[in-house]
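Chemist: here you go, sequence then predicted model.
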Amino acid sequence: MLQNKRLPEIPKIETERLILRKITEDDINDIFEYASIPDVTIFVLWDTHKTCQDSIDFVKFADEQFNSNISIIWGIEIKSEKKLIGSIDLRDWNAIHMCGEIGYVISKKYWNRGYVSEAVKAVIKFGFEVLLLNRIEAHCEEENIGSWRVMEKCGMKYEGTLREKVFIKKRFRSMKMYSILKREWKK
């Protein structure tokens with residue numbers, strides 16, 4: 001079991017249209033391109049990127065999270081364009097409870113094309129098959145319809161709304177909680 005063990009590197013995951021891979025400084029312009037759009041960052045914890053330095057800081061943060069065994073943050077690269085269009089992460093997967101949490105963001109240009117669902121399904125598979133998790137969860141704001149539809153499309157079940165669970169961008173926000181158990185997951 002990989003519980004409490006370190007992965008030697010961020011694994012590369014390939015799907016039909018995407019490559020989930022380590023984010024590098026070569027991706028700074030692509031990251032800034034999507035992370036500087038307010039519509040993209042409205043529901044995320046971090047602020048809209050104002051300069052490329054914000055994107056450089058994100059690359060460093062992704063490395064720190066992985067090196068500290070806290071989170072795996074993959075860049076979402078679209079194969080046909082060889083371009084980074086977003087990121088997806090699996091957080092707290094090292095917990096004794098064998099549970100991890102997924103989060104994601106994608107460029108507005110690529111919304112409603114199934115890319116996030118494709119990436120989430122790949123990370124769920126990785127979590128169950130490689131990390132041997134029992135449960136994978138995700139949450140989003142009630143107003144983030146696109147995000148909770150992704151979760152449902154990926155087989156996650158709605159568990160309830162956590163009232164005013166997080167304080168983001170100067171206000172409390174209620175979060176819809178979804179999860180999938182290994183025994184419910186269809187390979």
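Modeler: Structure's in. What do you need? Numbers count the residues shown, from 1 in each chain.

Chemist: excluding chain neighbours, give the residue nearest to residue 56 in space.
Modeler: Distances taken as Cβ to Cβ, 6 or more residues apart in numbering put residue 28 closest to residue 56, at 5.8 Å, once the chain neighbours are dropped. (Glycine included, C-beta is placed from N, CA and C.)

Chemist: assign the one you found to helix, strand or coil.
Modeler: Three-state call for residue 28 (DSSP: H, G, I helix; E, B strand; the rest coil): helix.

Chemist: for it, report the pLDDT, please.
Modeler: In this prediction, residue 28 carries a pLDDT score of 96.

Chemist: that one: neighbour count?
Modeler: Using other Cβ atoms under 10 Å, residue 28 has 19 neighbouring residues.

Chemist: so it versus residue 131, what's the distance?
Modeler: With distances taken as Cβ to Cβ, to the nearest Å, residue 28 is found 29 Å from residue 131.

Chemist: OK, contacts around the residue nearest to residue 56?
Modeler: Residues near residue 28 by Cβ atoms under 8 Å, 6 or more residues apart in numbering: 52, 55, 56, 59.

Chemist: make sure I have this right: the third one is in a helix.
Modeler: Yes - the secondary structure assignment for residue 56 places it in a helix, going by three-state DSSP.

Chemist: so, low pLDDT: which residues of the protein?
Modeler: 1-5, 94-95, 187 (pLDDT under 70).

Chemist: which parts of it are strands?
Modeler: Using DSSP state E, the strands of the chain run over residues 13-14, 18-22, 71-78, 83-91, 99-106, 135-141, 157-168, 171-181.
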